[in-house]
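Q: I would like the atomic coordinates for the input below:
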Amino acid sequence: MNLLNMHLKRFGILLVSLAFFASAEAQYQFERDQDIAVFQETELLNPWVGGFTAPQFSRIDVDYDGDKDLFVFDRDGNRTLVFTNEDSSDGAINYRFAPEYASLFPELVDWVLLRDYDCDGKKDIFTSFQSSVKVYRNTGNEQDGLSFELTSGQVQCEFDFGGGPETFPLLVLSIDLPSITDYDGDGDLDIVTFTESATTLYFFEGQGADNGDCSDLSFKCTNRCYGMAAESAEDNSWLIGDEFVCPFNVVDPRSSDERGYRHTGGSIVSFDFDDNGILDLAIGDVTFKELAGLYMVDAVDGQDSTTLVDANFPGSLDDLPVELQRFPAGFYEDINNDGVSDLIVAPNTRIETNDDESIWLYLNEGTESNPEFVFQETNFLQNTCIEVGRGAYPTFFDHNGDGLQDLVLANKEYYELVDLLPSQLALFENTGSATAPEFTLIDDNWLDIPSLQVESIYPSFGDMDGDGDDDMILGEETGIIHFFRNVAEAGQPADMQLEIAAIADSNGETIDVGQFATPFIVDVDEDGLLDVLIGEKLGVISWYKNTGTVNSFGLTLQTGDDPESFGGVHADNFLGINGYSVPQLIKDGNGEFQLFMANELGTIQHFDGISGNLSGLFNEVNESVENIQEGSRAGSWVIDINNDGLLDVFYGIQNGGLIFYRGSDPDTVEELKQVQAKVYPVPGNDRVSFEFSQVVDGILEIYNLSGQIVEQVVMNQTRRTILNTSPLASGLYIYRVVGVKDLSGRLVIQH
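A: Just a heads-up that it's a prediction; the model follows:
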């Protein structure tokens, strides 16, 4: 956040009255849109989801039409995704992405399971909170729609380790995924999760039935060695029977009462594998690929015990057991509406996962308590959307010379093995029209970038050799940039050939911005030669001016008031260290440069005050355009893709997919295009000029940051006025034109 925005927040009341934010940002208003068709062999049902990394699944009726829709929470980015059930007939699988429902859910983190805890037939929210659990009650209804209300900040549990009962928060480590269901059939929910040792299991028994109130969220720890099994500390094998010794348990674990504690069990996911009336466990481990299936029986000692471990679950039930890259987690939900639950398995980690094929679906052709799984696919839902693995960075250029902008989508990597992480370019040709775009995947490995053995690539396109077609500069993880010359014949699709493996500057030094170079080709100083802006891991931008010729470029690093970054811009980030800046510099309808920069947080920053101020510091208009933030490590491309006069946004995130935002509110945009102000020089000194895009009548008022008017100028049918600012002290001011709707901005004086 720059100094200006800190002052703007401090003096918020003044700025609301001046409508500063409204005037500056109303030019760029966006709304999420699903209408642009995308084809990959066939038309994708949900192209603009944004991809998946570590999704978790529950079913809930979000639209009150009587069938169960699909709720997905992605641990990577803490994303809430909702898919409505478009065909609830027996055997049908047809889920359509419905992002409008996401805002009805509260902000959630780490893990989310939807379960009905109060027996009202509506799914409530159980989610992570400070290594414990908090619960949101479903308060929605058909008339008012879906809504939730927080019931507890941290669910409490009774423990007794020999010193008498004590109450502490119920423990669920944020990295884990618990199993929540009614294990003992008494009508309330119980929870099974790993203990602190990560080798044995806690059983937290719900007390609602004992207290005569189903909605009671009291729990009691009745076992710290549930299942009489422990995971090995060396690998994901399990110790059972005589090999297992419980080193530390609660007093009288699972002591008998009138209900006998029958039918208990649990893990990451639990259901009855073998129709013996006791829920079994399917458990994933953070460092392994497989699910372990623990078969449970009611042992003679009164505790449910593991008698068999299937190390390749569901290998005994199907010929293709689970084999994800890391930390598989199972979900038992009825996906195809046939009345019995199916098995979904997905990673429960953000890293080292096969992002484009990581949601495995097994349909259940048996019964709820005696499943017969039949493997279906490794990319459930992923095969309905744009999904390019890890990271998604959109860029556009006219690949085939038909006048339409085509999409080139770069990724950070496809995870194949720990040491095999190829980056690729996917080419989507615009097969629609100038006003109704649509995209068709032409090549998912365009230019065969993996053969170059570079990672985390980012392309930019422009005519660097003056021959009338676009060439390519490619940035990559090591911080250097590569030049690909377009050698295609006139009228033919682009044919990019690597010509310079590492571009050097005008002094002969290899250009190296550190790590994760993200170039953008643009004529920054408008001298007729294309320059290169380069974003990078530290969140700054380097401007390399083209000091060569139209036909032979040469790049020279430029510095200004902030030698570390072009315009003094810095990408917002998580820890104040990096930023991962992805810049795009474009001109608005008035010919003024606007800088958009995606960042590590997943937001898009917007800067102006650039034209005529290339060596100075730019103004941050908005630190989060339209509050877009769907995931982290974002890349964005602002473009009027449908030629309606409004800018649109293609936005990619770490999860490997794209999200499309259509420009909206044309009336406001048109009005603001008609009345714009250019203020120069920046910063001002003794005299400042205000130049308007059309003739205006009004009063130009200058405010200090205390909200006091310090100067006024009456303007009568004028397009330009000069303000004497010599009496004003150096500093930051706000200007407003009374009589012209939403025309205001900032003014910096420096004598």
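Q: Tell me where the chain has helices.
A: 3-10, 12-18, 20-25, 666-674 (DSSP state H).
Q: pLDDT on the second one, on average?
A: Think helix 12-18. Averaged over helix 12-18, pLDDT sits at 32.
Q: Low-confidence ranges, this protein, go.
A: Along the chain, the model assigns pLDDT under 70 to residues 1-28, 248-268, 299-303, 316-319, 415-420, 665-675, 741-742.
Q: Now do stretch 546-562: distance from first to last residue.
A: Using CA to CA, to the nearest Å, one end of stretch 546-562 lies 20 Å from the other.
Q: try stretch 135-142
A: Terminal residues of stretch 135-142 lie 22 Å apart, using CA to CA.
Q: Outside of that stretch itself, list whatever touches it.
A: With contact meaning CB atoms under 8 Å, 6 or more residues apart in numbering, stretch 135-142 is reached by 64, 104, 106, 116-118, 120, 122-127, 146-152, 155, 217. Backbone N, C-alpha and C define where each C-beta goes, glycine included.
Q: Give the buried residues for that stretch.
A: Buried residues in stretch 135-142, counted by 16 or more other CB atoms under 10 Å: 135-138, 140.
Q: Out of these, which is nearest to residue 544?
A: Distances from residue 544 to the buried residues of stretch 135-142, taken as CB to CB, are shortest for residue 136 (50.8 Å).
Q: Residue 657 versus the residue nearest the centre of the chain, what's the distance?
A: Residue closest to the average C-alpha location in the chain (CA atoms, centre = their mean): residue 631, at 1.7 Å. Residue 631 sits 9 Å away from residue 657, going by CB to CB, to the nearest Å.
Q: Mutual contacts of the two, please.
A: Joint contacts of residue 631 and residue 657 (CB under 8 Å, 6+ apart) are residue 50.
Q: Run a quick neighbour tally on the residue found closest to residue 595 once you drop the neighbours it is linked to in the chain.
A: Take residue 595 and drop its neighbours on the chain: the residue closest to it by CB to CB, 6 or more residues apart in numbering is residue 607, 4.1 Å away. By other CB atoms under 10 Å, the residues close to residue 607 number 25.
Q: And residue 618, by the same measure?
A: If you count neighbours by other CB under 10 Å, residue 618 ends up with 27.
Q: And residue 212, by the same measure?
A: 7.
Q: Next: the one 4 residues further on.
A: Neighbouring residues of residue 216 were enumerated by other CB under 10 Å; the total is 16.
Q: Please name the residues that touch it.
A: Applying CB under 8 Å, 6+ apart, we find residue 216 in contact with 188, 206-208.
Q: what about 10 Å?
A: Residue 216 makes contact with 117-118, 188, 206-210 under the criterion CB atoms under 10 Å, 6 or more residues apart in numbering.
Q: Closest to residue 244 out of those residues?
A: Taking CB to CB as the measure, residue 206 is the one of those closest to residue 244, at 25.9 Å.
Q: What residues does the residue nearest to that closest one when sequence neighbours are not counted make contact with?
A: Take residue 206 and drop its neighbours on the chain: the residue closest to it by CB to CB, 6+ apart is residue 188, 3.6 Å away. Contact partners of residue 188, counting by CB under 10 Å, 6+ apart, are 117-119, 182, 205-211, 213-219.
Q: repeat that for 6 Å
A: By CB atoms under 6 Å, 6 or more residues apart in numbering, the contact set of residue 188 is 206, 208-209, 214.
Q: Give me the buried entries from the contacts of stretch 135-142.
A: 117-118, 122-127, 146, 148, 151, 155, 217.
Q: Format those residues as CSV; extra columns: distance to residue 553.
A: CSV is the format used below for the buried ones among the contacts of stretch 135-142 (distance: CB to CB, whole Å):
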residue, distance to residue 553
117, 64
118, 67
122, 63
123, 59
124, 61
125, 55
126, 58
127, 53
146, 56
148, 56
151, 63
155, 62
217, 66
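Q: what's the farthest-apart pair in these?
A: Spanning the widest gap among the buried ones among the contacts of stretch 135-142 are 146 and 155, at 22.5 Å by CB to CB.
Q: one step back: by neighbours, which of the contacts of residue 188 wins?
A: residue 206 (24 neighbours).
Q: quick one: it and residue 191 touch, right?
A: No. Contact criterion CB atoms under 6 Å: residue 206 and residue 191 do not qualify, at 7.7 Å.
Q: follow-up on the earlier one: just the closest of the buried residues of stretch 135-142 to residue 371, please.
A: residue 138 (28.0 Å).
Q: Relative to residue 116, how far out is that closest one?
A: For residue 138 relative to residue 116 (CB to CB), the value is 8 Å.
Q: anything in contact with each of those two?
A: Shared contacts of residue 138 and residue 116, defined by CB under 6 Å, 6+ apart, are found at residue 123.
Q: And the strands in the stretch 551-700 of the chain?
A: With DSSP state E, counting those that start in this stretch, the ranges of strands along the stretch 551-700 of the chain come out as 555-558, 582-587, 593-598, 604-608, 619-622, 635-639, 648-652, 658-663, 677-680, 687-703.
Q: now those as TSV including distance to residue 366?
A: Below are these laid out as TSV (distance: least, CB to CB, whole Å):
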stretch	distance to residue 366
strand 555-558	65
strand 582-587	49
strand 593-598	47
strand 604-608	49
strand 619-622	54
strand 635-639	45
strand 648-652	41
strand 658-663	38
strand 677-680	70
strand 687-703	70
